[in-house]
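Undergrad: Sequence first, predicted model second:
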Amino acid sequence: MAKFIDPILKALEELHYFEEVMDEASMTDEERARYEISLEAYREEMNVMTYHTRKGRLEGLAEGEAKGMAKGLAEGEAKGMAKGLAEGEAKGELKKNLENAKSMRELGVDIKIISQVTGLSEQQILSLP
């Protein structure tokens, strides 16, 4: 970091010096040439720093976005799988209870007992085909 800051500080010091002799009419050709060279070096260094700062920010943003997307996708998939599994198990259990209730009803088992065993309401049991 210091290797980038030191030239800038040096350039700023030189610019400050040349600001004092800014009156171009009073500058010698040598002073004017040194001023132009130091000003150009300062501008180049600032452009390099600006470029790398922007590049670093964009890279950091892209990396953070990619990590966030991956994490969100993984969490979404996990929640979706868990929800799908729970719904599938509930449907399977209901189907099994309906089949058992139908079989018990065909065997003449009392509706109240069927309801207690399967957890189905008496109305659900009576509506079975």
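TA: Nice, I can see it.
Undergrad: Assign a three-state SS to the residue in the chain sticking out farthest from the centre, would you?
TA: For the chain, the largest distance from the centre (CA atoms, centre = their mean) belongs to residue 108, which lies 60.5 Å off. Secondary structure state of residue 108, per DSSP: H, G, I helix; E, B strand; the rest coil, is coil.
Undergrad: What strand or helix carries residue 49?
TA: Assigned by DSSP states H and E, residue 49 belongs to helix 29-106.
Undergrad: in the next helix or strand after that helix, what counts as buried?
TA: Per DSSP H and E, the first helix or strand lying C-terminal to helix 29-106 is helix 111-118. Buried residues in helix 111-118, counting neighbours by 16 or more other CB atoms under 10 Å, are found at 111, 114, 115, 118. Glycine gets a C-beta too; all of them are placed from N, C-alpha and C.
Undergrad: tally of neighbours for the closest residue in space to the third one that isn't next to it in sequence?
TA: It refers to residue 115. Ranked by CB to CB, 6 or more residues apart in numbering and with sequence neighbours excluded, the top spatial neighbour of residue 115 is residue 122, at 5.3 Å. Around residue 122 there are 11 other residues, counting by other CB atoms under 10 Å.
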